[in-house]
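*Asks:* The following block contains a protein sequence and its predicted model.
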Number of protein chains: 2
Amino acid sequence: MTDEFVPVHPVPLLIVISGPSGVGKDSVLNRMKERGLPFHFVVTATTRPPREGEVDGVDYFFVSREKFASMIDNDELLEYAIVYEEYKGVPKEQIRQALASGRDVIMRVDVQGAATVRKLAPEALLIFLTAESEADLVARLHKRKSETAESLHLRIATARQELKRIDEFDYVVVNRNGRLEETVEVIQAIIRAEHHRVKHRKVTL
Amino acid sequence: MTDEFVPVHPVPLLIVISGPSGVGKDSVLNRMKERGLPFHFVVTATTRPPREGEVDGVDYFFVSREKFASMIDNDELLEYAIVYEEYKGVPKEQIRQALASGRDVIMRVDVQGAATVRKLAPEALLIFLTAESEADLVARLHKRKSETAESLHLRIATARQELKRIDEFDYVVVNRNGRLEETVEVIQAIIRAEHHRVKHRKVTL
């Protein structure tokens, strides 16, 4: 019998927010940052050009194709993918360091990438973010002025395929229109609950 | 493709709050009732005499040993146990009806009873409530004026055995002294999170 009546040793979690393009992953993560939640927010590396207002090293690491290729060669990425002809990848060392410091790590990854994370880190916590309806997702994508008719069509077709992979995830959260706070609160509840699981999700990379 | 982009159909949960005697199961459940949470709170049948302030049909169904024996014979109980020489049992039909009406069902059961519930309803959500330390549990039991030195000793010995069965539970929550609200909030977060699991906990009795 130890001094602590029960050994409760919360283990830092690797939390993956995924879901179809346009579903609001960035909005959810930005709102979590604004709330000052004590997570490490992974900064993804990408070869795509910054959108208006995006800051290098904060929203993404904007890197050249040459730099990205060397990160792949040096096995510096947990996962990477070609998304609409641009590379996106998650730096491994950044995650290792944050977990080692005892902080929960949270990151946004597309659905294919989430499957890769599951393979490399089976104990990762996978959350599938979705829209209320297909019409709602289309409306969200229309708001992005950067979308062409062609890229919109491609994203919807991809979303349909991605929805079929929901069984590979632990949780599903609907990001309802105009209810971002509720979405964030549900995700916080999931993370809080997971810290109380008897079987820990200990991630080693 | 249905109208709903993702089929999110929350299934009512069977939630079991368990843990050693004196850890605060009643306080937690009473606080949840006071908060007006939309659960069905199971009323346990018991042969022990009411403590001061306890109301029949609200805190427990206080029944005779003869009545309890007939409930056992008629298979009316989900589980029952002899706890400190008195019977306690959970009426099955009450749970069936509440789940059928779509409500989450929450109940307090001792550790041995929780194991029985797991066998009969593998999809039940089992939460182990514990104290910060053994000293804290002893202090809590001392506050109950109904405890004799002998029954106190028995409860502590039992608690030590019960702590070894924590792996049979899904979650563990420490009910810290003077922090009942926090305990209740953690349990609420667990329940909220469970409603978003991709794999539902569908209970059939």
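*Replies:* Great, that's in hand.

*Asks:* Closest to the centroid, which residue in chain A?
*Replies:* In chain A, the residue lying closest to the centroid (CA atoms, centre = their mean) is A:Arg108, at 1.7 Å.

*Asks:* Distance-wise, check that residue relative to B:Glu76.
*Replies:* 51 Å (CB to CB, to the nearest Å). (Glycine included, C-beta is placed from N, CA and C.)

*Asks:* one step back: mind listing what the residue nearest to the centre of chain A touches?
*Replies:* A:Val16, A:Ile17, A:Ser18, A:Lys25, A:Asp26, A:Leu29, A:Val42, A:Thr44 (CB atoms under 8 Å, 6 or more residues apart in numbering or on different chains).

*Asks:* Go again with 10 Å.
*Replies:* A:15-19, A:25-26, A:28-29, A:41-42, A:44, A:88, A:90, A:114, A:129 (CB atoms under 10 Å, 6 or more residues apart in numbering or on different chains).

*Asks:* Chain neighbours aside, what residue packs nearest to it?
*Replies:* Closest residue in space to A:Arg108, ignoring its immediate chain neighbours: A:Lys25 at 4.5 Å, by CB to CB, 6 or more residues apart in numbering or on different chains.

*Asks:* ok, that neighbour - how many residues close by?
*Replies:* 20 (other CB atoms under 10 Å in any protein chain shown).

*Asks:* Just the buried residues from the contacts of A:Arg108, in PyMOL please.
*Replies:* Buried members of the contacts of A:Arg108, defined by 16 or more other CB atoms under 10 Å in any protein chain shown, are picked up in PyMOL with:
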select buried, chain A and resi 15+16+17+18+19+25+28+29+41+42+44+88+90+114+129
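
*Asks:* Which of the contacts of A:Arg108 fall within helices?
*Replies:* A:Lys25, A:Asp26, A:Val28, A:Leu29, A:Ala114 (DSSP state H).

*Asks:* near chain B at all, the worst-scoring helix or strand of chain A on mean pLDDT?
*Replies:* When each helix and strand of chain A is scored by mean pLDDT, DSSP states H and E, helix A:134-143 comes last, with a mean of 86. Yes - applying CB under 10 Å from any CB of the partner chain, one finds helix A:134-143 in contact with chain B at A:Glu134, A:Ala135, A:Asp136, A:Leu137.

*Asks:* Helix, strand or coil: sort out the closest residue to the third one other than its chain neighbours for me.
*Replies:* To tie it back to what came earlier, the one meant is A:Asp136. Closest residue to A:Asp136 apart from its sequence neighbours, by CB to CB, 6+ apart: A:Asn177 at 6.0 Å. Three-state assignment for A:Asn177 (DSSP: H, G, I helix; E, B strand; the rest coil): coil.
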